[in-house]
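Visitor: test case, fold it:
(chains A, B, C and D)
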Number of protein chains: 4
Amino acid sequence: MEQQEREHPVQCRANRPHQFSYENGILVTKIEPGRAEGVLNVSENSLNPHGMVHGGALAALADTVGGSCACARGRSCVTAGSSMEFLRPAEGPVITCVATPKKEGHTLSVIQVELSNAQGKLVATGTFTFFMMDQW
Amino acid sequence: MEQQEREHPVQCRANRPHQFSYENGILVTKIEPGRAEGVLNVSENSLNPHGMVHGGALAALADTVGGSCACARGRSCVTAGSSMEFLRPAEGPVITCVATPKKEGHTLSVIQVELSNAQGKLVATGTFTFFMMDQW
Amino acid sequence: MEQQEREHPVQCRANRPHQFSYENGILVTKIEPGRAEGVLNVSENSLNPHGMVHGGALAALADTVGGSCACARGRSCVTAGSSMEFLRPAEGPVITCVATPKKEGHTLSVIQVELSNAQGKLVATGTFTFFMMDQW
Amino acid sequence: MEQQEREHPVQCRANRPHQFSYENGILVTKIEPGRAEGVLNVSENSLNPHGMVHGGALAALADTVGGSCACARGRSCVTAGSSMEFLRPAEGPVITCVATPKKEGHTLSVIQVELSNAQGKLVATGTFTFFMMDQW
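Guide: Numbers count the residues shown, from 1 in each chain, chains lettered A, B, ... in the order given. Predicted structure coming up:
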């Protein structure tokens, strides 16, 4: 008997090859109304000149998982704005991201993200505002 | 006789292969005190599920060129925080970025970035705060 | 014959007594499509415990003048989000603010603000996102 | 025998008359390491032209309570940057604010704030970065 959970359609779309997030080691691992989760699998190609995870890789993880959270109830969205705080140097092997809504609105949704290293230590936080659309 | 301009050391470091920015098609094209410029060469792997340039790719371009501007006078830096506004959908073949300082401080520098498409239309703006360090 | 310039309706509304901005010494001095200007007349009641202009007073000036810029073409708006950078300690007797659009959209407008002291030195900058409405 | 709790020195300083926060109805009500709380007592002079609480009043409350949280362990600070999201229209009679740290660092502390109306509904959120100093 099948035990496999069906993937959320947004998760399928987010995890498809040949796009920025997938090709950079980013996977959305869970989407449900009010929450999304994802990981960045850190490789040599995730790093900045200091040898730490590049802020852009963290921003890409945050945007991808935040957008998945905003779209968890079946609508579509594009990112309107973001703020991020880089709290400490980020290292691999993985960075995890959890996204939860501050507000889910008709036109705008505001999603907060928390990014942690493998030891569970917070490395970055952010707040993303998404412009919501009914059609994909 | 040599006509070739010598690259800024920060530019050499930023444009090295096997790191996040280079592997995603980002190059710093100019660094001088008070200004840095760069490009994102858009490929299939730069895109989001909508087929537009991923916000994370724009953030990576902004962070890379902004940091190059902050370090243009010979010091080193790490990103402390950022805010970005995504003004319109971004498409290839290239996105250019210009970074200029709002403040160059001893401990913190604040750099603004403007990202434009090939038609010169502004697609995103941002403000990055860098924590400055004397040593690399 | 009258030479007096008529005040922009948004300016009239912004400069009315018995509201937060007016009662804190904030006046909108000019509104035209694509630009708004204003001043904060600094008093003892504008200060923080350090004796400098309170960040909240600067934010109020920025929000008031930014919103006036967003509404300069006759529509109404409310503030959706803001980011501000406090570049140096701000002192009186006046702080001036200039607001210009980064984008004027149907639903969202993004306005940048620059706040300067009496010597013309930049003390703070910000980016405000306004949710636009057709009706007051 | 006296049971009265002694006020935190930062609270004394924040709640002194003749400064921006006090004169606008803002009081810090509690400071302890890792948390600060405060209120805005809304009056006619707290409002914007729409008759709602002015974004600048909310920003002033957030900055005051956030800074109190950053200074709760006995150091001093100034605001370096902020981002705020205005989630829904804010009305009186009071707006409460709770501030908690995302990071307490040697040079920078990052504090998040949540602002709620009398019904406990979230009206605004924000993230403030403070530059920490050892001396007042």
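Visitor: nearest residue to the residue most central in space within chain A other than its sequence neighbours?
Guide: Nearest residue to the geometric centre of chain A (CA atoms, centre = their mean): residue A:65, 2.0 Å. With sequence-adjacent residues excluded and distances taken as CB to CB, 6 or more residues apart in numbering or on different chains, residue A:65 is closest to residue A:38, at 3.9 Å. Using the backbone N, CA and C atoms, a C-beta is placed for each residue, glycine as well.
Visitor: beta partners for that neighbour?
Guide: residue A:28, residue A:97 (DSSP bridges).
Visitor: ok, now which ones touch it?
Guide: Going by CB atoms under 8 Å, 6 or more residues apart in numbering or on different chains, residue A:38 touches A:14, A:26-30, A:61, A:64-65, A:68, A:96-97, A:99.
Visitor: those strands in chain A, which residues are they?
Guide: Assigned by DSSP state E, the strands in chain A fall at A:26-32, A:35-41, A:76-86, A:94-104, A:108-116, A:122-133.
Visitor: could I get these as a markdown table with mean pLDDT?
Guide: Putting the strands of chain A into a markdown table (pLDDT from 0 to 100) gives the following:
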| stretch | mean pLDDT |
| --- | --- |
| strand A:26-32 | 97 |
| strand A:35-41 | 98 |
| strand A:76-86 | 97 |
| strand A:94-104 | 98 |
| strand A:108-116 | 98 |
| strand A:122-133 | 98 |
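Visitor: ok, which of those comes nearest residue B:104?
Guide: Residue B:104 lies closest, by CB to CB, to one member of the strands of chain A: strand A:76-86, at 19.2 Å.
Visitor: do that closest one and chain B meet?
Guide: Yes: under the criterion of CB under 8 Å from any CB of the partner chain, chain B is reached by strand A:76-86 at A:78, A:79, A:80, A:81, A:82, A:83, A:84, A:85, A:86.
Visitor: of these, closest to residue C:134?
Guide: Distance to residue C:134 across the residues of strand A:76-86 next to chain B (CB to CB) is lowest for residue A:80, with 19.5 Å.
Visitor: tell me how far that closest one lies from chain C.
Guide: As judged by CB to the nearest CB, to the nearest Å, residue A:80 and chain C stand 6 Å apart.
Visitor: can you pull the contacts of that residue?
Guide: A:108, A:129, A:130, A:131, B:85, B:86, C:108, C:129.
Visitor: chain center to the lengthiest helix in chain A, what's the gap?
Guide: When chain A is parsed with DSSP state H, its longest helix is helix A:55-70. Distance of helix A:55-70 from the chain centroid (CA atoms, centre = their mean, to the nearest Å) equals 3 Å.
Visitor: ok, residue A:99 touching residue A:64?
Guide: No: the criterion here is CB atoms under 8 Å, and residue A:99 misses it with residue A:64 at 9.2 Å.
Visitor: more neighbours, the two?
Guide: residue A:64 (32 against 29; other CB atoms under 10 Å in any protein chain shown).
Visitor: per-residue pLDDT, the more buried one?
Guide: We have a pLDDT of 98 for residue A:64.
Visitor: please give me every residue in contact with the closest residue to residue A:35 other than its chain neighbours.
Guide: Once flanking residues are discounted, residue A:35 sits nearest to residue A:100: 5.7 Å by CB to CB, 6+ apart. Contacts for residue A:100 (CB under 8 Å, 6+ apart) come out as A:34, A:35, A:69, A:111, A:112.
Visitor: go on, residue A:42?
Guide: A:25, A:53, A:57, A:91, A:92, A:93, A:94, A:95 are the contacts of residue A:42 under CB under 8 Å, 6+ apart.
Visitor: filter the residues you listed down to the buried ones, PyMOL style.
Guide: Only the buried entries of the contacts of residue A:42 go into this PyMOL selection, using 16 or more other CB atoms under 10 Å in any protein chain shown:
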select buried, chain A and resi 25+53+57+91+92+95
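Visitor: pull the number of nearby residues for residue A:31.
Guide: Residue A:31 has 24 nearby residues by other CB under 10 Å.
Visitor: fine, thanks again, bye for now.
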